[in-house]
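Enquirer: structure for the following, please:
(2 chains)
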Amino acid sequence: MPPAPWPTPRTVRQAAELHARLTTSGHLLHHPPSARHLLNSLVNCLEPHPLHLRYALHLFDRMPPSTFLFDTALRACSRAGSDPHCPFLLFRRMRRAGVRPDGFTFHFLFKCSSSLLLCTMLHAACLRTMLPSAAPFVSNSLIHMYIQLGLAAEARRAFDEIHVKDAVAWTMVISGLAKMGMLCDAQLLLSQAPVRDVISWTSLIAAYSRANRAKEAVGCFKTMLSHGIAPDEVTVIAVLSACAKLKDLELGRSLHLLVEEKGMPTSENLVVALIDMYAKCGDFGHARQVFDAVGRGPRPQSWNAIIDGYCKHGHVDVARSLFDEMEVRDIITFNSMMTGYIHSGQLREALLLFMSMRRHDLRVDNFTVVNLLTACASLGALPQGRALHACIEQRLVEADIYLGTALLDMYMKCGRVDEATIVFRRMGKRDVHTWTAMIAGLAFNGMGKAALEHFYQMRCDGFQPNSVSYIAVMTACSHSCLLNEGRMYFDEMRILYNIHPQIEHYGCMIDLLGRSGLVDEAMDLVKTMPIQPNAVIWASILSACRVHKHIDLAQCAAEHLLKLEPDEDGVYVQLYNIYIDSRQWENASKIRMLMEERQVKKTAGYSSITVAGQVHKFVVSDKSHPRILEIIAMLEEISHRLKSVGYSPLTSQITVDVDEEEKEQALLAHSEKLAIAFGLISLAPNLPVHIRKNLRICEDCHSAIKLISRLWNREIIVRDRSRFHHFREGTCSCNDFCKMMSAVSSITMFSVHPQGW
DNA sequence: ATAGGGTTAG
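Expert: Numbers count the residues shown, from 1 in each chain, chains lettered A, B, ... in the order given. This next block holds a predicted model:
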C-alpha cells in the first residue's frame, strides 16, 4: 500500500479526524509509517491536558513497539506534564520489551525528572546502556536538566565530564551558572570558551544587572564590544536594565540610537526596557515619547514601567492618572502604585487601592502584603498589621522569607517583641535580613543583651553579617549602653569581615561613648574619622554634653548643627536647655531671640493611640476630644495619685516664665499624658496602653509614666522618635537612658504621616 | 524529534 498524502494535523481535533480516516481505510493497522505520522503529529499539538495525554498513550498502546515510538510517548509525557510516574513506567516497559533506548529516550526522561536522586539514577542508566555516538546530545540535556533543577555543582560536573564539548554545551553552562548567580564561575568559563557568542555574553550581562552589580554589567558589555561581538536586541534589553539602575542616561540614550540606526526589531520587551530606563533616569520627555508612540498597548508592562518611574520621582499624581487610563491592570500595576503612595505618605490611598484589588479580581500576592506591612510598621499600625498576619495564617498568600521578615519587622516596630519572636521562631527559613531585622528590633526595644545573643546565634548558624547587621548590633550597644561590647564589635567588623564603618556605625559608636561619659573620646573619634560628620553625630555630641555638663563643647557642636540644619528647632531647644541648666540666662535668651529672628518653627508634638480601630490624636493642651471632660478627670486622678507616692513634677523642663502651679498644669497637658489618660478610661483593663509619639518623650512624662504603670498595674508602651519604652511595674525597658535621649535613629523607625488609616 | 540569552515591583 503506497504512503497516503495525509495532511499534517495542527490541532488535537484534526488529529482525531485523521485517526478516524486511518482506521476506516485500514492504514492504522497495516501501514506503520502512517500510524507513526499520526502519533507524532498528535504529540506536536498536545496541550498540557490529562485527556490529551491519555489519548496519545492509548494510540501508542495499539502500535508495535520501537525505540522511536517509545521516544514519542516520552515526548508526549514531557510536553503534557503527565503524572510523575508515567515516564518511568514507560521506561520500565521499554526495557522489559527489549527495546533499546537511545539519546532521545534519555533526553525526554531527563526533561520529566524532578529530583537529584532520579537524575543520578538516570545518568547511571544512561552511561550503562547508551551508545557512545549519542553522547553529546545526552550530556547537553543532562546539563540542561541540572540547571532547571537549580543544581549548579552537578551541572558543572556534567559539563566537565564531557570530552568533546560543542558550542551549545559551553553557552548552556555559562548562562546556567550566570542565572544561578555564580558569576565568578560563569565569567571564568566565558574567558576559557573557544567560542564566545552573543548569548553567553548577554546572559552574563543580565546576571550582573540582576545581582545589583550594574557597573560590572556595563563593563562586561564593553568587553563584549571590544571582542567584536555585535549586540542584538536581547543584549540591548539587558544593558538598558543596568543603565536604569545606574541612572546612566547617556549610555541608555546611545543604546536607543543604536536600535534606531540598526533598525533592530522593537519588541514589546525592548519598549518596556527603554521606557523603564528613561523613567528611572528621570528623563520623562523621552520616556513619554516612546510610551506615547508604542507603549500604549493593551498589555500592562510598559504602563507599569512608566508608572513606577513617576512614583519613584515623586509624581504620584501623574502616575495615578495613567493608572486610571489603563484598560488592563495586573498585580504589578497595583503594587507599584501602592508603593508610590506609601513612600509619599499617602497611606489611606494605598489602603483604598489594596481594598479595590478584590473588586478587580486580583489575588493579593506576598509582594502586596510586604508593601502593606512596611506601611504598618512605619505607622505603628498594629491592628492593621495583625489583620495582614491573619491573611497569611489563612493562607491567602503563601508565606515566604520576605513576608516573614516584614511581619517580624512590623511587630518589632509596633513594640510587640513577644509576637515578633513567635514569628521568628516559626520561620522555617531565615536569611541575613531576617536575623538583622530581629537584632535591630530587639535593639530599639531596649533589649540589647538579647540582640547580641541573637547576633551570636546568627553566626553559629552560618550567616555572615553584613554592614546593616553591624548597624543593628551597634544600635543595640548604644541603646543599652554596652560600652565594652560596642568597642569590640566596632573593631571586629573591619578585622573579621572587612566591613568599613559607615556614618551610621560611627554615629552609634560616638553616641555610645557620649552616653558613657567619655565625651572627649567621642570628640576624638569625630575628629579622626574619615567621613564628614553629619547632623546626627553632632546631635549625639550635643546631648552627651548636656548630660555630662560640657558647656564649651556643647557650643561647638551646636554651631556645627546650626550650620547643617538651621531650620530644625531641636538644636535651639537643646542649646537653650543647656544654658538654663548651667544658669547662663543671658545666653539662653540670646538663643530664643535667634530662633525668633530666623523664624524657626517648633515642630508640633503629638501622641496618638488606637482604640477599637479608631486613631485618636492629641496635641499639647488639646481640648478638642469629645470625651475631654472624662480625660481631664482622669488626669486629675493621675496627678493626685502620683503626688501621694511622693512624685514631684519636673518643672525645670518648662522654660517659660510662669509660676509653679502653671508649670505643673502645662506638664499635665503634654500630649502623651492626654493619650494615656484616654487609654486608661477607654481600653479594657487587661490591654496594654500603646502610644505613638512623633517627638521624643520628655523626662517628666517618662518618670510619671513609670509610676502610672505601677499604680494602675498596666503595661504602657510608648514609641517615640527613635525607640520604644516598655513601662511595666514602675520600670522602663530603656533603663532611663531617656535622660540622655539618643539622637541616633540609624534604623529608620518612624516616618511622619499626615493622616492615620 | 534536541539543547542556550531579556523587561516591569520589595
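
Enquirer: and the gap between A:H479 and DNA strand B?
Expert: 25 Å (C-beta to the nearest atom of the strand, to the nearest Å). To be clear about C-beta, it is placed using only N, CA and C from the backbone, and glycine gets the same treatment.

Enquirer: wait, A:A375
Expert: 11 Å.

Enquirer: so for that residue, what's the pLDDT?
Expert: In this model, A:A375 is scored at 80, pLDDT.

Enquirer: in which helix or strand would I find it?
Expert: Element membership of A:A375, judged by DSSP states H and E, is helix A:366-379.

Enquirer: quick one, what contacts A:R95?
Expert: Contact analysis of A:R95 by C-beta atoms under 8 Å, 6 or more residues apart in numbering lists A:P101.

Enquirer: what does the helix holding A:A375 contact?
Expert: A:331, A:334-335, A:338-339, A:342, A:347, A:350-351, A:354, A:357, A:381-382, A:384-385, A:388, A:391-392, A:397-400, A:402-403, A:406-407, A:409-410, A:412-414, A:692, A:748, A:750-751, A:753, A:756-757.

Enquirer: which ones, among those, also lie beside DNA strand B?
Expert: A:331, A:335, A:339, A:400, A:402-403, A:406 (C-beta under 7 Å from any atom of the strand).

Enquirer: got those residues as CSV, with neighbour count, pLDDT and secondary structure columns?
Expert: Listed next are these as CSV, based on neighbours: other C-beta atoms under 10 Å; pLDDT from 0 to 100; DSSP: H, G, I helix; E, B strand; the rest coil:
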residue, neighbour count, pLDDT, secondary structure
A:I331, 17, 90, helix
A:N335, 24, 92, helix
A:T339, 20, 88, helix
A:D400, 13, 85, coil
A:Y402, 16, 89, helix
A:L403, 22, 90, helix
A:A406, 24, 93, helix
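
Enquirer: which pair of those spans the longest distance?
Expert: A:T339 and A:D400 (18.0 Å; C-beta to C-beta).

Enquirer: could you measure the nearest residue to A:L525 once chain neighbours are set aside against A:C556, distance?
Expert: Leaving out its chain neighbours, the residue that sits closest to A:L525 by C-beta to C-beta, 6 or more residues apart in numbering is A:I510, at 5.6 Å. Using C-beta to C-beta, to the nearest Å, one gets 14 Å for the distance from A:I510 to A:C556.

Enquirer: got it, and A:L249?
Expert: Distance from A:L249 to A:C556, by C-beta to C-beta: 43 Å.

Enquirer: and A:A73, by the same measure?
Expert: From A:A73 over to A:C556 (counting by C-beta to C-beta), the distance is 85 Å.

Enquirer: tell me which of these two has more neighbours.
Expert: Neighbour count, other C-beta atoms under 10 Å: between A:A73 and A:C556, A:A73 has more, with 26 against 15.

Enquirer: mind listing what that one touches?
Expert: Here A:A73 is in contact with A:56-57, A:60, A:90 (criterion: C-beta under 8 Å, 6+ apart).

Enquirer: quick one: the helices in the stretch 501-650 of chain A?
Expert: A:503-515, A:519-528, A:535-548, A:551-564, A:569-581, A:585-597, A:628-644 (DSSP state H, counting those that start in this stretch).

Enquirer: quick check on the contacts of helix A:366-379: which are buried?
Expert: A:331, A:334-335, A:338-339, A:342, A:347, A:350-351, A:354, A:357, A:381-382, A:384-385, A:388, A:392, A:397, A:399, A:402-403, A:406-407, A:409-410, A:412-414, A:692, A:750, A:753, A:757 (16 or more other C-beta atoms under 10 Å).

Enquirer: quick one: buried residues of stretch A:446-459?
Expert: A:446-448, A:450-452, A:454-455, A:458.

Enquirer: so which of those residues are in helices?
Expert: Counting by DSSP state H, the part of the buried residues of stretch A:446-459 found in helices is A:448, A:450-452, A:454-455, A:458.

Enquirer: quick one: pLDDT of the residue lying closest to A:V526 once chain neighbours are set aside?
Expert: Closest residue in space to A:V526, ignoring its immediate chain neighbours: A:P533 at 5.3 Å, by C-beta to C-beta, 6+ apart. Predicted confidence (pLDDT) for A:P533: 90.

Enquirer: isn't A:P533 up against A:L561?
Expert: No: between A:P533 and A:L561 there is no contact under C-beta atoms under 8 Å: 10.1 Å.

Enquirer: for those two, work out which one has more neighbours and name it.
Expert: A:L561 (25 against 20).

Enquirer: looking at chain A, which helix or strand does the model trust least?
Expert: helix A:660-668 (a mean of 75; mean pLDDT, DSSP states H and E).

Enquirer: buried set for it?
Expert: A:663-664, A:666-668.

Enquirer: please apply the same query to stretch A:634-651.
Expert: A:634-635, A:638-639, A:642, A:647, A:649-651.

Enquirer: would CSV of the residues you listed with distance to A:D569 and pLDDT be doable?
Expert: Output for those, formatted as CSV (distance: C-beta to C-beta, whole Å; pLDDT from 0 to 100):
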residue, distance to A:D569, pLDDT
A:M634, 30, 93
A:L635, 26, 90
A:I638, 28, 91
A:S639, 28, 89
A:L642, 29, 88
A:Y647, 29, 83
A:P649, 23, 77
A:L650, 21, 72
A:T651, 21, 66
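
Enquirer: so which of those residues would count as near DNA strand B as well?
Expert: Within the buried residues of stretch A:634-651, nothing lies near DNA strand B by C-beta under 7 Å from any atom of the strand.

Enquirer: of these, closest to A:D185?
Expert: Among the buried residues of stretch A:634-651, and counting by C-beta to C-beta, the member closest to A:D185 is A:L650, at 64.3 Å.
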